[in-house]
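K.L.:
mind folding the following:
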Amino acid sequence: MKIIIIGGVAGGASAAARLRRLNEEADITIYERSGYMSYANCGLPYYIGGTIREQRALTLQTPKSFQMRFRVDVKVRHEVTKIDPAKKAVTVLDLENGTTFEDTYDKLILSPGAKPTRPDFPGIDNSKIFTLRTVEDAVTIHDYLEKESPRSAVVVGGGFIGLEIAENLKDLGLDVTIVELMDHLLNNLDRDLASFLHAGLRKAGLNLALKQEVAGFEDADKGIRVLLKDNEPLTADMVILAIGVTPESSLAKDAGLELGLKGSILVNDQMQTSDPDIYAVGDAVQIRQFVSGKDAVIPLAGPANKQGRLAADNICGLDRHYPGSTGSSVIKAFDMTVATTGLSEDAAKALGIPYERIILSPASHASYYPGDTTMNIKVVFEKESGKLLGAEIVGYDGVDKRIDVFATAITVGMTGSQLMDLDLAYAPPYSSAKDPVNMAGFMIDNIVRGIVKQFHWDEIDALPRDGSVILLDTRTPGEYERGCADQFFNIPVDELRDRLDEVEKGKPVYVMCQSGIRSYISCRILTQNGYDCYNFSGGYRFYESVTKEIAAAKASYPCGVEKEAE
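P.N.:
Numbers count the residues shown, from 1 in each chain. All right, here's what the predicted structure looks like:
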């Protein structure tokens, strides 16, 4: 059997290695148009920033090492320009000498990846504008930084690449501004939890220009000017364009293969395209979002690797089916960690799923053991059944291991209540006897059973202030004096039982504390004394973070961004 793979990196290289492990006799060839067949593109920003010091550390395999280990013929700097499904042939351009030739296949795997999105902005071809997708891109940016010593940069786009490159440029000493069209960074994160991320980034010295639309670019006296649609321009020494990626599907389209969302390549759950002898994997394909069951394009390395292996299995007759992706992700943001899995609240709302959510802010490990940090966790679940839909965490230590537990629970179809019974590893330096994941389970179970009723940050302004409801803050007087929600009055939780006469009966009571724990205890006291009580999800700390972010977004010009000098 002769197999051609177009594109290496995650999907293509994984497919080739698995094919060889299953079939020692197969004739396998990889055509890769870049100079690198298998590299760590997730590590590229850290090479630019100097955390990864050697360029060769980015190269996971070379054509020579792959040939020695797997007997796979890898041809870099070779671009496939045409696929002829009828002839089962591909046309290949040798980028080194400009010659073309034809090669044939029994099975073909497409792993072309995706390309950085480059809208047709005026001035988009300015030499000071860079994108980051390949090792060559990283080397170009690295060399520019060394030769030109820029002092400032604008990063257009607040996704994974945008945030990672912004951090690394800031660590190099540049003044960095992120320009983002949405009202928050990372579109897989909800706006409320993103407020903690934004605060941390501003503390680290990044400038955030949110809800700003780029209109084009112009040369400036000593750099490049970024034109904004409804605001004054920004000027910097360089621009990184990181506004997303577009599936590389032109070969598939020209070959007559069916396409899907965003021009992606349509595949079935065995990674077959509309031609049964052609498979496709990675960033270029349309897959199923695991939780919603809806079609999606999820350009992440983990799914690409698994899809490559699965395509190889099916070519070798193992009958494997891809279940879809939860879209689990984690990203470092200076000293913070941000992680998500499954559906965000925004996604659940857009899909019309009846949902509820909880907010909790537990310590990363036992609070009596030194060095604990706070995690901000949001879990979204089906309103009636309690089935888990998604989770988001912004914090420091322990974020990654908790998101992996949530991802696993979602994959096996668990309810929030079942999180209570997970027997998770505990020692004081690592966790608490009741792990944050268990705590999320306790909270969801209380809500599903009707033991606790909630209200949320986006409902506070709508609460009547005419005396028809009771607004109660159960923090200490010192906490209350440092800031409180409008017209909430204060009775500390430890005094509540003795001061119930100050809480008028017959009216709903909305209770808040700092994190949600003392208000929950207060609600249990009040409910068992005949009150109709609602606990505030997340506590005043969460409310303050979100409302501060909303206030910053309403400013006439984004907080922390310098207008161009007149």
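K.L.:
with adjacent residues omitted, what lies nearest to Ala425?
P.N.:
Among residues not flanking Ala425 along the chain, Ser431 sits closest, at 6.7 Å (C-beta to C-beta, 6 or more residues apart in numbering). For the C-beta atoms, the positions are set from N, CA and C on the backbone; glycine is no exception.
K.L.:
can you pull the contacts of that neighbour?
P.N.:
365-366, 398, 424-425 (C-beta atoms under 8 Å, 6 or more residues apart in numbering).
K.L.:
got it, and Arg309?
P.N.:
Counting by C-beta under 8 Å, 6+ apart, Arg309 touches 14-15, 18.
K.L.:
what's the pLDDT at it?
P.N.:
We note a pLDDT of 97 for Arg309 in this prediction.
K.L.:
quick check: it vs Gly11, distance?
P.N.:
9 Å (C-beta to C-beta, to the nearest Å).
K.L.:
is it true that Leu496 touches Ile525?
P.N.:
Yes. Under the criterion of C-beta atoms under 8 Å, Leu496 makes contact with Ile525 at 5.6 Å.
K.L.:
these two: which has the busier surroundings?
P.N.:
Between Leu496 and Ile525, Leu496 has the larger neighbour count (other C-beta atoms under 10 Å), namely 20 against 17.
K.L.:
and that one, what does it touch?
P.N.:
474, 522, 525-526.
K.L.:
out of these, list just those in helices.
P.N.:
Judged by DSSP state H, the subset of those located in helices is 522, 525-526.
K.L.:
could these go into CSV alongside pLDDT and distance to Cys484?
P.N.:
Listed next are the ones in helices among the contacts of Leu496 as CSV, based on pLDDT from 0 to 100; distance: C-beta to C-beta, whole Å:
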residue, pLDDT, distance to Cys484
Ser522, 98, 15
Ile525, 98, 20
Leu526, 98, 19
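K.L.:
for Ser522, see how far away the residue lying closest to Thr476 once chain neighbours are set aside is.
P.N.:
Closest residue to Thr476 apart from its sequence neighbours, by C-beta to C-beta, 6+ apart: Pro492 at 5.5 Å. According to C-beta to C-beta, Pro492 and Ser522 sit 9 Å apart.
K.L.:
give me the common contacts of those two.
P.N.:
Thr474.
K.L.:
quick one: which of these two has more around it?
P.N.:
Ser522 (27 against 18).
K.L.:
can you pull the contacts of the closest residue in space to the more buried one that isn't next to it in sequence?
P.N.:
Nearest residue to Ser522 in three dimensions, chain neighbours excluded: Thr474, at 4.5 Å (C-beta to C-beta, 6+ apart). Contacts for Thr474 (C-beta under 8 Å, 6+ apart) come out as 490-493, 496, 511-513, 518-519, 521-522.
K.L.:
buried among those? Need that as a selection in PyMOL.
P.N.:
PyMOL command restricting the contacts of Thr474 to the buried ones, with burial defined by 16 or more other C-beta atoms under 10 Å:
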select buried, resi 491+492+493+496+511+512+513+518+519+521+522
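K.L.:
which one of the contacts of Thr474 sits closest to Ile124?
P.N.:
Ile124 has its nearest neighbour among the contacts of Thr474 in Met512, at 48.6 Å by C-beta to C-beta.
K.L.:
returning to that earlier point: from what I see, the residue nearest to Thr476 and Asp498 are in contact.
P.N.:
No. Under the criterion of C-beta under 8 Å, Pro492 is not in contact with Asp498, lying 10.5 Å apart.
K.L.:
remind me which residues of the chain are low pLDDT?
P.N.:
Along the chain, the parts satisfying pLDDT under 70 run over 554-566.
K.L.:
now the helices for it?
P.N.:
Using DSSP H, helices in the chain cover 9-22, 44-49, 63-70, 135-148, 160-171, 191-203, 250-254, 301-315, 345-350, 399-411, 436-448, 477-481, 517-527, 539-553.
K.L.:
minimum distance to Val80: which of those helices has it?
P.N.:
Of the helices of the chain, nearest to Val80 by C-beta to C-beta is helix 250-254, at 6.4 Å.
K.L.:
Phe70 - nearest residue in space that isn't next to it in sequence?
P.N.:
Counting by C-beta to C-beta, 6+ apart, Phe70 lies nearest to Arg20, which is 4.3 Å off, once chain neighbours are set aside.
K.L.:
swap in Ile4?
P.N.:
Nearest in space to Ile4, with sequence neighbours left out and distances taken as C-beta to C-beta, 6+ apart, is Tyr105 at 4.2 Å.
K.L.:
dump the ones in helices among the contacts of Leu496 into TSV; add distance to Thr62 as well.
P.N.:
Compiled in TSV, those are given as follows (distance: C-beta to C-beta, whole Å):
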residue	distance to Thr62
Ser522	63
Ile525	67
Leu526	67
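K.L.:
for those residues, which one is nearest Thr408?
P.N.:
Ser522 (34.0 Å).
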